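In: Got a predicted structure here, sequence first:
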Protein chains: 2
Amino acid sequence: MTRPRFAPIPAALPATVPFVGPEELQRRIGSVFDARIGANESGFGPSPHAIQAMQAELPRLWQYGDSTSHRLVEALSEHLDLPGDHITVGEGVDGLLGNLVRLMVGPGDAVVTSDGAYPTFNYHVAGFGGVLHKVPYRDDAEDPQALVREARRTGAKLVYLANPDNPMGSWHPGKVIQDMLEELPEDTMLVLDEAYVEFAPAEAVPQISPGDPRVIRMRTFSKAYGLAGARIGYAVGDPDLIAGFDRIRNHFGVNRIAQAGALAALRDQAWLADVLANVAAARDRIGKIAADNGMRALTSATNFVAVDTGRDGEYSRALVQALQGQGVFIRMPGVAPLDRCVRISCAPAPELDVLADRLPRAMALIG
Amino acid sequence: MTRPRFAPIPAALPATVPFVGPEELQRRIGSVFDARIGANESGFGPSPHAIQAMQAELPRLWQYGDSTSHRLVEALSEHLDLPGDHITVGEGVDGLLGNLVRLMVGPGDAVVTSDGAYPTFNYHVAGFGGVLHKVPYRDDAEDPQALVREARRTGAKLVYLANPDNPMGSWHPGKVIQDMLEELPEDTMLVLDEAYVEFAPAEAVPQISPGDPRVIRMRTFSKAYGLAGARIGYAVGDPDLIAGFDRIRNHFGVNRIAQAGALAALRDQAWLADVLANVAAARDRIGKIAADNGMRALTSATNFVAVDTGRDGEYSRALVQALQGQGVFIRMPGVAPLDRCVRISCAPAPELDVLADRLPRAMALIG
């Protein structure tokens, strides 16, 4: 054997990665970022009660976590007012999306998403041999009607919609999503990524029967709850679908500290409310910084802001690079016309002060 | 859609799970175990430096972990004296085994293991459509010659060997494994599960060139390093194989606290030496408790002891159940003739005191 004989699907995959992380970027540029505002992490942090709960759990970290995340499922069941068999806990939305795709998508199966939407979903679809069909954004938002049409045209197993949307921060009223369900082909399941839903207006949340087999909803403790590094999230859906995860998931895969932290974070809704207020203020601040520099912030229902540079993707890429050189980590959408924007995560004032200071410098550098 | 339309491979999988965890067992019996000595966790715990490092990292848990686990890979590279491109970090051996199987095994591909060896490996093989071929243990040890013969007969993509072995605690000299590599078919890769290798004599470790494409080695921080709940381990192999993991793994899947804890644990080799001494003493104590009750402990090179009840699998199952009822969590091998034994994890003295107290009571109950 001179080279690994990979199985057919992985053998055909590229050696790329969905995202180069900020630590790796720091190593490449040889210094630590002064403002880490590119990964939609929450610099406002998790609830202090979550920190305490995780600290208290450290002496028991020699034990595997509970394979069923029972206490967290119980708490989510109460929080969401639905039975526990509608919920599965996993290693963040990334892990849950991977397992969902593995569960539903066979080689050659069609999957529909928007061109420029979450790359890690696409990574999983390709990783299990699915065939991606992309429809364009419309007015900087995912286009439900186009997604439905493409699902019908291709007979898709899954159609992906993030609401609110990443990377643009736009959102649709829940009613629009309810209507989508009615129009989808019978065998198409909607993957509703609600990673940012806590930041959105109440009317962004669709009223869907918890056991509706036409949709699976993904939520996370990484964003509003401030626990990105803990790797814990959950999916809500039809109990038959949820039970399917038990056929393939890594049963002892969720970190014990993460389970304790998520449980305490969920219970501290007052902290969550504070975070939401801080994020709203940070959105306004980013909008002001953008305006001060001749750019326009798009309306956002998330913890990040897409800032329209008024130029093209080449300019945005140069700006992201120049900001990195100035110690500021941000990201940007991957495709036109979204890539006329850069994407800036909400953060505490000191990091936005850094942004306010460095943005004009970076712009001056690239002209 | 009335039922989920699973993809063909998951559609054919059973709804079972590899292991029912101790928390779930506690809920079933309605009380908390006095001795948790069934999952080969380390009650001696991780290094206090690891606890400190994880505590210090908690305020940064709002950040995703480093997707490349760079600092840990660097430290492992130094510890193992091999280049970093030979190492990939993942979510424990369970997670790494899943990714390896996904990378190498296509539907219908043959995979060889021993009947009674690690069930989670089998779970992953079935989960990706592989076909398992099992050979019997021989003298309570995995049988390298039989594994090689079966790999030749079936043209296996992978052949699994744990050294030391779980659930029996036996081990082969490294030379035996080196010889296996010479005898394997050209296209068969050896999966060498070294989860328990730190507990074994030095001569159990085979001398294999780090880039040898015929083998991948799996190691973990869950056992000797006492971090089972953190979900972190690593694989060592040919750089082309290791790079393959980047095509499919959940790139931001490793918990940030786990990364900090594993790094500090690796650096505290003095603590590891203490743990190994404590484990050796606990093995002796379990042997004495077994002998006091008319049973025989098998020689173990791990942090658990297979205790031969002198009876059959039915008796062992009754004993495991009776001990659970007495507040003691242990496990047992799944197949004959291994299942004449029960498997007891090494633990601090108080838990073994509980075992010494409850074992005769449980035996009296089942007669």
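Out: Yep, that arrived.
In: Spit out the contact partners of the closest residue to A:Pro348 other than its chain neighbours.
Out: Ranked by C-beta to C-beta, 6 or more residues apart in numbering or on different chains and with sequence neighbours excluded, the top spatial neighbour of A:Pro348 is A:Gly43, at 5.1 Å. The way it works is simple: take the backbone N, C-alpha and C, and place the C-beta from them, glycine included. Residues in contact with A:Gly43, defined by C-beta atoms under 8 Å, 6 or more residues apart in numbering or on different chains, are A:36-37, A:345-348, A:351, B:62.
In: Please, where are all the helices along chain A?
Out: A:8-11, A:22-29, A:48-57, A:70-80, A:92-104, A:119-127, A:144-154, A:174-183, A:239-245, A:256-267, A:269-292, A:313-325, A:349-366 (DSSP state H).
In: In CSV: those, plus distance to B:Arg152.
Out: Shown next, in CSV, are these (distance: least, C-beta to C-beta, whole Å):
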stretch, distance to B:Arg152
helix A:8-11, 23
helix A:22-29, 43
helix A:48-57, 48
helix A:70-80, 45
helix A:92-104, 31
helix A:119-127, 31
helix A:144-154, 44
helix A:174-183, 53
helix A:239-245, 37
helix A:256-267, 42
helix A:269-292, 59
helix A:313-325, 54
helix A:349-366, 60
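In: Serialize these to CSV and add fields for distance to B:Met363, mean pLDDT and mean neighbour count.
Out: Below are the helices of chain A laid out as CSV (distance: least, C-beta to C-beta, whole Å; pLDDT from 0 to 100; neighbours: other C-beta atoms under 10 Å in any protein chain shown):
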stretch, distance to B:Met363, mean pLDDT, mean neighbour count
helix A:8-11, 50, 96, 16
helix A:22-29, 54, 95, 16
helix A:48-57, 35, 98, 19
helix A:70-80, 31, 98, 17
helix A:92-104, 43, 98, 26
helix A:119-127, 50, 97, 21
helix A:144-154, 62, 98, 19
helix A:174-183, 59, 98, 16
helix A:239-245, 38, 97, 19
helix A:256-267, 33, 98, 26
helix A:269-292, 51, 98, 17
helix A:313-325, 67, 98, 18
helix A:349-366, 63, 98, 17
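In: Please name whichever of these is nearest to B:Val111.
Out: Among the helices of chain A, the nearest to B:Val111 by C-beta to C-beta is helix A:8-11 (15.7 Å).
In: Any part of the closest one near chain B?
Out: Yes - contact of helix A:8-11 with chain B (C-beta under 8 Å from any C-beta of the partner chain) involves A:8-10.
In: Equivalent analysis for stretch A:254-264, please.
Out: Yes - residues of stretch A:254-264 contacting chain B under C-beta under 8 Å from any C-beta: A:254-258, A:261.
In: Dump that stretch to CSV, keeping only the CA atoms.
Out: C-alpha atoms of stretch A:254-264 as CSV (Å, rounded to 0.1, in the frame of the first residue of the first chain):
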residue,chain,number,x,y,z
VAL,A,254,-21.0,15.2,24.0
ASN,A,255,-18.5,16.7,26.6
ARG,A,256,-19.7,16.4,30.2
ILE,A,257,-18.7,20.0,30.9
ALA,A,258,-20.8,21.2,27.9
GLN,A,259,-23.8,19.3,29.3
ALA,A,260,-23.5,21.0,32.6
GLY,A,261,-22.8,24.4,31.1
ALA,A,262,-25.7,24.3,28.6
LEU,A,263,-28.2,23.2,31.3
ALA,A,264,-27.2,26.2,33.5
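In: List of residues touching that stretch?
Out: Against stretch A:254-264 from outside (C-beta under 8 Å, 6+ apart): A:46-47, A:49-54, A:56-58, A:60-61, A:63-66, A:69, A:71-72, A:75, A:89-91, A:221, A:225, A:227, A:230-232, B:54, B:61, B:229-231, B:255, B:257-258.
In: Residues of the stretch 51-200 of chain A that sit close to chain B?
Out: Near chain B, when you scan the stretch 51-200 of chain A using C-beta under 8 Å from any C-beta, you find A:51, A:54-55, A:58-68, A:70, A:91-92, A:94-95, A:98, A:102-106, A:109, A:127-128, A:157, A:186-187, A:189.
In: for chain A, which residue is closest to the average position?
Out: Nearest residue to the geometric centre of chain A (C-alpha atoms, centre = their mean): A:Ala195, 5.0 Å.
In: For that one, give me its contacts.
Out: A:93, A:162, A:166, A:218-220, A:222-223, A:233.
In: one step back: per-residue confidence at the residue nearest to A:Pro348?
Out: Per-residue confidence (pLDDT) for A:Gly43: 97.
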